[in-house]
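Asks: sequence unknown, structure follows:
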């Protein structure tokens, strides 16, 4: 077979896998974009007012439950979540509630939650519950181990350091672009931004999943992420860091891996360490944490991901 014929054959295979994967999950992606934009435009203020109401009710440790849920419901990325959290801190919000809100917000948002439905009910449920519990656990650790000192340091916002450190990106204090007085136009602009931001990552994710399906045997995925549970969990938690550029881009990969034998535990570990240590997220988090507390954040994310994956594999084997 000549080289042109070989390339043509491989392109046909690639296009077959790509189109099949695209048609399978594109609807979930579009649904996630639309619902995420609706929540961002019409529900964001209501969500944040609910978080502020927790402080007034003085729920104590039980406040971690709604704080974590509100973090998941918040449509803001970390560049928008940190200024909001800083404003809550100035109003006297307890740091354990802030930790629960921020941790769950890092791991999940409404858009990604809807999109994750493409992975199936089991994976979707696991993703939601694990992120919810991760937020609560983060709040509990801050509540009990940081009684005598602050865990967060929002003072650098007042000093203007954030603008300098994020000069290559939109500043943390200027992330709200939903300002059009016409609500319908505001929604359309938000939706267009979502497509522009997530579209390339989505297509890259579909392309990568097509390449995996074509050139990586299903037995290799099952052996790496399925049969050898302990090593598979460690690999999934590790691989999640460099591959997790955008949450939407990883859904096609996870769908292909799960179909090839990846365990739900390994998938859950990937879905925790990926967003927790995505470069943009840790760049934002390190601004408000000292070196010691930042290391604590990294260790907590990896350990929680590993233990969660281990528990899920134990319960589902």
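Replies: Sure, I can see it. Note that this is a predicted model, so its numbers are computed, not measured.

Asks: switch to C-alpha atoms for all contacts and neighbour counts from now on
Replies: Fine.

Asks: state which helix of the protein is the longest.
Replies: The helix that spans the most residues within the chain, counting by DSSP state H, is helix 3-42.

Asks: for that one, what is the average pLDDT?
Replies: Averaging pLDDT along helix 3-42 gives 84.

Asks: that one: how far from the chain's middle?
Replies: Helix 3-42 has its C-alpha centroid displaced from the chain centroid by 20 Å (Cα atoms, centre = their mean, to the nearest Å).

Asks: equivalent analysis for stretch 290-304, please.
Replies: 17 Å.

Asks: and what of stretch 57-66?
Replies: On the basis of Cα atoms, centre = their mean, stretch 57-66 sits 24 Å off its chain's mean C-alpha point.

Asks: in the longest helix of the chain, what's buried?
Replies: Under the neighbour-count criterion of 16 or more other Cα atoms under 10 Å, helix 3-42 has 14, 17-18, 21-22, 25-26, 28-30, 32-41 buried.

Asks: quick one: neighbours of residue 288, just the number.
Replies: Residue neighbour count, defined by other Cα atoms under 10 Å, stands at 20 for residue 288.

Asks: quick check: phi and psi at residue 109.
Replies: phi -140, psi 170 (degrees, to the nearest 10).

Asks: got the contact list for the closest residue to it other than its chain neighbours?
Replies: Of all residues not flanking residue 109 in the chain, residue 72 sits nearest, at 4.9 Å (Cα to Cα, 6 or more residues apart in numbering). Contact analysis of residue 72 by Cα atoms under 8 Å, 6 or more residues apart in numbering lists 101, 104-105, 107-110, 131-132.

Asks: the residue lying closest to residue 94 once chain neighbours are set aside: neighbour count?
Replies: Nearest non-adjacent residue to residue 94, counting by Cα to Cα, 6+ apart: residue 55, 7.7 Å away. Other residues near residue 55 come to 18 when the count uses other Cα under 10 Å.

Asks: show me the contact partners of stretch 129-141.
Replies: Identification of contacts with stretch 129-141 by Cα under 8 Å, 6+ apart yields 61, 64-65, 68-69, 72, 95-104, 107-108, 268, 272, 304, 308.

Asks: residue 114 and residue 251, how far apart?
Replies: Separation of residue 114 from residue 251 (Cα to Cα, to the nearest Å): 11 Å.

Asks: now do residue 280
Replies: 19 Å.

Asks: again, but for residue 110
Replies: Here the criterion is Cα to Cα. By it, residue 110 lies 15 Å from residue 251.

Asks: this completes my enquiry, with thanks.
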